[in-house]
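Q: Generate a structure from the sequence data that follows.
(chains A and B)
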Amino acid sequence: MNATIATSIFAAFMVLTLALGLLAVRGGGRRKGGLTEWSVGGRSLGTVFIWVLMAGESYTSFSYLGAAGWGYNFGAPVLYVLAYMSCGYALGFVVGPMLWSYARRHGLVGITDLVAHRYGRRWLGTAVAVLATVCLLPYIQLQITGMGVVVTTISYGAISLNWAYFIGFAVTTLFVVVSGLRGSAWVSVLKDILVIATLAFLAVYVPLHYFDGYGPFLDRIVAEKPQWLTFPGHESGGLGQGWFITTSLLNSLTVVIFPTTVAGYLGARNADALRRNAVLLPFYNVLLFVPMLLGMAALFVVPGLTGADSNLALFKLVVDSLPAWLVGVTGVAAALSSIVPMAVFMLVIGTMWGRSVLGAVPRLAHRQKLWSQVVVVVAGALALLLTYTAPNTLVRLSLISYEGMAQLVPMILLGLVWRRLTLYGAVGGLVVGLVVVCGLVFTGHDPVWGVNAGIVALAVNLVVALGVTWLGPRPVDGRPDAEVLASDLDGEEDGPRAEGAGGDGGGAGGNGAAGVSPSPAR
Amino acid sequence: MLKRPTLLWLLVPHVLYLGVLPLVNRVTPTVLGLPFLVFWMLLATLLTPASVWLAWRGDRKRAARRAAGRAGAPAGKRAGEGSAA
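A: Numbering: from 1, shown residues only, chains lettered A, B, ... in the order given. Alright, predicted model coming up:
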């Protein structure tokens, strides 16, 4: 009975999700459906949609599963998620408009495109696309796995893991292929409403139900589990203050150039939408406290969870204490928290390949959108296959991805503001940084000396980049600074008062023919 | 960066979450029942939007000043008023 109710609710919402996602393709109106329209929503999203989309893509299945699991196992170290997101959103106030105006001016649709333009080499875009894909694929798998676990739990076992994986893949792939970024934004609306409602409810209900309110709940944690409440947390294996500070710092720099974040930036109608968003987005992080606290609450209600089971700390409480229909709705919110980020990950991978890998081959270059859509299906299918054959536990993977992606920070951020940074410097730093990350992480040295391995790698990366730039060869690039560098630094172009500037958003994307950036597919 | 000093507000979250961590890494005193570290993180989360807003306000003021300057108004006086357009 319970299973039928919860499963029906889940099924109904999946149909609704698919309908929303597919209908979103009409949101573009009579615009021509080129790659810009698909990949970055024709650069036409306003503050509300950007907020919904970026909140939607940052609040992943990890927030429901891993965050609760970390809260349950370690306690305080889980706060790094909160810290880096807040810090990153603040930095986004500067970086977002900068990347947006640069991309718009030169008709770019992603970071691969952007480095190809900045350094004047197509192959660099191709290389970065491959690197980013390697870093992003684990995330897709993570979302698929997360969705599977949640759906199986909330359907009281009626939907098997393997079917749940497949449903997640199928729904997401379908609407991404058809509607692109706009589809993700529309589905995000549904997702954010459900997430906010269910988490707000749980935040009030769970302490009341199990502990007679917040007072007794908090008193009990403070009295019985103080180890969980400060760094380094409970048996966290070296996740102390140094680790927290360096990880949050590194991730806050990385999140602003993370390809999915950038997709959100580039989808904006104007730079001011992004600035407004940077003010409003951090509020969403308050929600992150809920799974963290409930994970700790689970310590008292369902003690003794270990390994992957601890990721279910939150859902054990939900299934234990709520009627079936509410279990279903909460499960849908969590499932959508897999679907929306997964959609953007797939979209970004598709865009990078359609534009910078396949699109860089002259014979294929005139069908960039088609190739992007094909790659979405391939990447999704690959991740699904990996999920079936080589499943893995949640958080470590995503940390490796982040530390790898972090090595792009100098190439992108420093490169856009500092003309002297040479191609060889940027590439040399990136390569050395990646080697250091892999060397440390795969030999079990993360954290190393109590700090995040990625930040050590980033430091080496930066030193190499600067060293090679100063001492190494200097490629000839005759383009003027204005053509190569970001120009939004002084906040004048499309500044806060230029309301509606660039609001046409027709996907024309400035004078994309300029420079060496490949842009034939419009 | 030098032209936009109010952007320094954007570093406030880094200071609150990371910079002062050694001082706030403690269970007591509890505030509203919350262990101190959790309370602090909640406070930082609520202050983050405020700090970004201050950076935004700074930019708007500068833009207003520039516009006033361009319009030929007595820029010094306008700049002193500090109203955000």
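
Q: Output the below-cut-off pLDDT ranges for chain A.
A: A:28-32, A:391-399, A:488-522 (pLDDT under 70).

Q: What are the boundaries of the strands in it?
A: In chain A, no strands are defined using DSSP state E.

Q: So for the longest helix anywhere in chain B, what gets flagged as buried?
A: Longest helix of chain B, by residue count under DSSP state H: helix B:36-70. For helix B:36-70, burial by neighbour count (16 or more other C-beta atoms under 10 Å in any protein chain shown) applies to B:36-42, B:44-45, B:47-49, B:51-66, B:68. C-beta coordinates here come from the backbone N, C-alpha and C atoms, glycine included.

Q: What of stretch A:120-133?
A: For stretch A:120-133, the buried set under the neighbour-count rule, 16+ other C-beta under 10 Å, comprises A:120, A:121, A:122, A:124, A:125, A:126, A:127, A:128, A:129, A:131, A:132, A:133.

Q: what does stretch A:216-225 give?
A: Residues of stretch A:216-225 classed as buried under the neighbour-count rule (16+ other C-beta under 10 Å) are A:217, A:218, A:220, A:221, A:222, A:225.

Q: residues near residue 10, how many?
A: If you meant another chain, say so; for now it's chain A. Neighbourhood size, residue A:10 [other C-beta atoms under 10 Å in any protein chain shown]: 24.

Q: should've been chain B
A: Neighbourhood size, residue B:10 [other C-beta under 10 Å]: 24.

Q: Hmm, it is touching residue A:89, no?
A: No: using C-beta atoms under 8 Å, residue B:10 makes no contact with residue A:89, being 9.6 Å away.

Q: any shared contact partners between those two?
A: residue B:52 (C-beta atoms under 8 Å, 6 or more residues apart in numbering or on different chains).

Q: Which ones among the buried residues of stretch A:120-133 lie within helices?
A: Reading helices off the buried residues of stretch A:120-133 with DSSP H, I get A:122, A:124, A:125, A:126, A:127, A:128, A:129, A:131, A:132, A:133.

Q: Can you say which two of those are spatially most distant?
A: Within those, A:122 and A:133 form the most distant pair, 16.7 Å apart (C-beta to C-beta).

Q: Tell me how far residue A:250 lies from residue A:426.
A: Noted for residue A:250: a distance of 18 Å to residue A:426, by C-beta to C-beta, to the nearest Å.

Q: how about the helices in the stretch 151-300 of chain A?
A: Assigned by DSSP state H, counting those that start in this stretch, the helices in the stretch 151-300 of chain A fall at A:161-211, A:214-224, A:241-255, A:259-266, A:271-280, A:289-301.

Q: Any stretches of chain B with poor pLDDT?
A: Within chain B, the stretches with pLDDT under 70 are B:1-2, B:72-85.

Q: middle-most residue in it, spatially?
A: Centroid-nearest residue in chain B: residue B:51, 2.7 Å away (criterion: C-alpha atoms, centre = their mean).

Q: Kindly provide the distance from that one to chain A.
A: Applying C-beta to the nearest C-beta, to the nearest Å, the value for residue B:51 to chain A is 7 Å.

Q: Could you find the closest non-adjacent residue to that residue?
A: Spatially, and ignoring its direct neighbours in sequence, residue B:51 is nearest to residue B:12 (3.8 Å; C-beta to C-beta, 6 or more residues apart in numbering or on different chains).

Q: about what we covered before: please produce CSV containing the ones in helices among the buried residues of stretch A:120-133, extended by distance to chain B.
A: Shown next, in CSV, are these (distance: C-beta to the nearest C-beta, whole Å):
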residue, distance to chain B
A:122, 32
A:124, 27
A:125, 28
A:126, 33
A:127, 30
A:128, 26
A:129, 30
A:131, 27
A:132, 26
A:133, 30
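
Q: Just send those residues back as CSV, with distance to residue A:270 too.
A: Listed next are these as CSV, based on distance: C-beta to C-beta, whole Å:
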residue, distance to residue A:270
A:122, 29
A:124, 29
A:125, 26
A:126, 31
A:127, 32
A:128, 27
A:129, 27
A:131, 31
A:132, 26
A:133, 30
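
Q: if I pick residue B:44, what's in contact with it?
A: If a contact means C-beta under 8 Å, 6+ apart, then residue B:44 has A:83, A:86, B:13, B:16, B:17 as its contacts.

Q: what's the neighbour count on the second one?
A: Look at residue A:86: counted by other C-beta under 10 Å, it has 31 neighbours.

Q: Might you report the residue contacts of the closest residue to it other than its chain neighbours?
A: Spatially, and ignoring its direct neighbours in sequence, residue A:86 is nearest to residue B:48 (4.4 Å; C-beta to C-beta, 6+ apart). Residue B:48 makes contact with A:86, A:87, A:89, A:90, A:282, A:285, B:12, B:13, B:16, according to C-beta under 8 Å, 6+ apart.

Q: any idea how far the last one lies from chain A?
A: Residue B:16 is 9 Å from chain A, where distance means C-beta to the nearest C-beta.

Q: okay, now that residue: neighbour count?
A: Neighbours of residue B:16 under the rule other C-beta under 10 Å: 22.

Q: now the one 10 residues further on
A: Other residues near residue B:26 number 14, with proximity taken as other C-beta under 10 Å.

Q: Then residue A:388?
A: Residue A:388: 12 surrounding residues under other C-beta under 10 Å.

Q: wait, it sits on residue A:164?
A: No: using C-beta under 8 Å, residue A:388 is not in contact with residue A:164; the gap is 11.9 Å.

Q: thinking again about what came up before, didn't the residue nearest to residue B:51 look like it was pressed against residue B:53?
A: No: assessed by C-beta under 8 Å, residue B:12 is found out of contact with residue B:53, at 10.8 Å.

Q: check contacts around residue A:357.
A: Residues near residue A:357 by C-beta under 8 Å, 6+ apart: A:126, A:129, A:130.

Q: scratch that, residue A:200 is what I was asking about
A: So residue A:200 contacts residue A:290 (C-beta under 8 Å, 6+ apart).

Q: Isn't residue A:359 up against residue A:370?
A: No: using C-beta under 8 Å, residue A:359 is not in contact with residue A:370; the gap is 10.3 Å.

Q: Tell me which of the two has more neighbours.
A: Neighbours were counted for residue A:359 and for residue A:370 using other C-beta under 10 Å; residue A:359 has more, 31 against 14.

Q: Would you check how far apart the closest residue to the more buried one other than its chain neighbours and chain B are?
A: Nearest non-adjacent residue to residue A:359, counting by C-beta to C-beta, 6+ apart: residue A:368, 4.4 Å away. Residue A:368 is 35 Å from chain B, where distance means C-beta to the nearest C-beta.

Q: Run a quick neighbour tally on residue A:368.
A: Residue A:368 has 28 neighbours, counted by other C-beta under 10 Å.

Q: what's the spacing between it and residue B:48?
A: 38 Å.

Q: hmm, which two among the contacts of residue B:48 are most spread apart?
A: Farthest pair in the contacts of residue B:48, by C-beta to C-beta: A:285 and B:12, 14.7 Å.

Q: and these two? which has more neighbours close in?
A: Neighbours of residue A:285 and residue B:12, each counted by other C-beta under 10 Å, are more numerous for residue A:285; the result is 24 against 20.

Q: can you give me the end-to-end distance of stretch A:115-125?
A: Stretch A:115-125 has its terminal residues 6 Å apart, counting by C-alpha to C-alpha, to the nearest Å.
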